[in-house]
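>>> I would like to see how this sequence folds:
(one chain, ligands or ions: 1)
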Amino acid sequence: MKVWLDGQLVDKADAKLSMFDHGTLYGDGVFEGIRVYGGKIFECQAHMDRLFASASKIRLTIPYTQEQIVAAMAQTLVANGMADGYIRLVVTRGVGTLGLNPNRCPRGSVFVIAGQIELYPREMYERGMPVIIAKTRRTSPAMLDPSVKSLNYLNNIMAKIEATDAGVGEAIMLNDRGEVSEATGDNIFIVKDGAVLTPPVSAGILQGITRRVVMELCAAAAIPCREQTMTPADLFAADECFLTGTAAEVIPVTKIDHRDIAAGTVGPISQRLITAFHEFIRL
Ligand code: PMP
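Model prediction:
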């Protein structure tokens with residue numbers, strides 16, 4: 001495997017970052033997870049925009065232009081002969097001193113890994129996935145803007161640990177007001193009385209690119225879809241539930257905290273959107 005690191009393709013074994021990089025020392029950096037379908041970088045511009053917005057929000061200067069980063073991704077795909085897979089694009093603050101001060105890091109580092117990702121077993125896409133509601137609350141926007149896709153995922157990891165302890169693959173996180181925000185690495189949707197609902201950005205979520213695509217697919221299929229604040233009670237009373245994310249795509253949720261959602265089977269609107277999503281990525 002070849003990895004792109006600061007302008008060069010290097011072997012995986014030689015792809016090394018300094019331990020003095022503030023990405024390593026403090027999780028100081030931003031990243032994107034991006035899909036490649038049929039040789040095409042899915043929603044490339046949206047990922048570039050989010051990466052540069054995340055970097056700007058943490059006052060990190062990316063030492064390349066968007067065009068250069070897209071070229072780096074293309075080069076990495078070619079070097080690995082990859083037409084379908086997953087790109088991990090990371091920008092760290094770069095090498096600095098041992099203190100927190102980011103101004104001591106003169107230049108950020110960028111790397112691109114082209115690999116594969118499979119988050120959940122195939123059968124869960126057909127039969128649905130059980131999840132829990134985590135006790136760990138999502139970082140509030142007053143602490144760190146959740147729209148920054150930062151390298152510091154400990155908040156989400158603590159909730160993920162709760163999920164694995166409970167024997168399930170994902171956890172839903174609430175915000176500090178007790179409202180539903182998102183899953184540890186995915187956005188959440190419910191279906192109620194024929195309408196598709198998802199928590200608003202103000203619930204403290206990462207603005208998922210898959211979330212936006214699914215909202216557009218709803219519009220195209222004339223399925224009512226809107227942002228709505230929701231509580232755990234709304235989740236338990238939902239007709240259907242599903243999660244969206246770059247790696248997960250669209251995955252149905254049929255159990256929350258050991259309770260069946262409606263009949264505990266994959267609902268018709270989830271099924272329609274899963275099919276529509278598969279058609280869309282093949283375009
Ligand atoms: N929320 C969080 C916390 C995430 O890390 C992700 C990405 N894995 C998402 C939502 C989904 O975003 P996207 O659809 O852009 O992958």
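>>> how many neighbours does Asp145 have?
Residues lying near Asp145 (other CB atoms under 10 Å) number 16. Every residue, glycine included, has its C-beta placed from N, CA and C.
>>> can you check Lys16 too?
Lys16, neighbours per other CB under 10 Å, totals 9.
>>> same question for Pro224.
For Pro224, using other CB under 10 Å, the count is 12.
>>> which residues of this structure lie near the ligand?
33, 156, 182, 185-187, 206, 208-211, 244-246 (CB under 6 Å from any ligand atom).
>>> how about the CA coordinates for stretch 138-146, as PDB?
What follows is stretch 138-146, C-alpha atoms only, in PDB (Å, rounded to 0.1, in the frame of the first residue of the first chain):
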ATOM      1  CA  ARG A 138     -22.100  14.800  22.900                       C
ATOM      2  CA  THR A 139     -19.600  17.700  23.300                       C
ATOM      3  CA  SER A 140     -21.600  20.900  23.400                       C
ATOM      4  CA  PRO A 141     -21.100  23.600  20.800                       C
ATOM      5  CA  ALA A 142     -20.000  25.900  23.700                       C
ATOM      6  CA  MET A 143     -17.000  23.500  24.300                       C
ATOM      7  CA  LEU A 144     -16.100  22.600  20.700                       C
ATOM      8  CA  ASP A 145     -18.000  23.300  17.600                       C
ATOM      9  CA  PRO A 146     -19.300  19.800  16.600                       C
END
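>>> what would the residues of the chain next to the ligand look like in JSON lines with secondary structure?
Shown next, in JSON lines, are the residues of the chain next to the ligand (DSSP: H, G, I helix; E, B strand; the rest coil):
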{"residue": "Gly33", "secondary structure": "strand"}
{"residue": "Asn156", "secondary structure": "helix"}
{"residue": "Glu182", "secondary structure": "strand"}
{"residue": "Gly185", "secondary structure": "coil"}
{"residue": "Asp186", "secondary structure": "coil"}
{"residue": "Asn187", "secondary structure": "strand"}
{"residue": "Leu206", "secondary structure": "coil"}
{"residue": "Gly208", "secondary structure": "coil"}
{"residue": "Ile209", "secondary structure": "helix"}
{"residue": "Thr210", "secondary structure": "helix"}
{"residue": "Arg211", "secondary structure": "helix"}
{"residue": "Thr244", "secondary structure": "strand"}
{"residue": "Gly245", "secondary structure": "strand"}
{"residue": "Thr246", "secondary structure": "coil"}
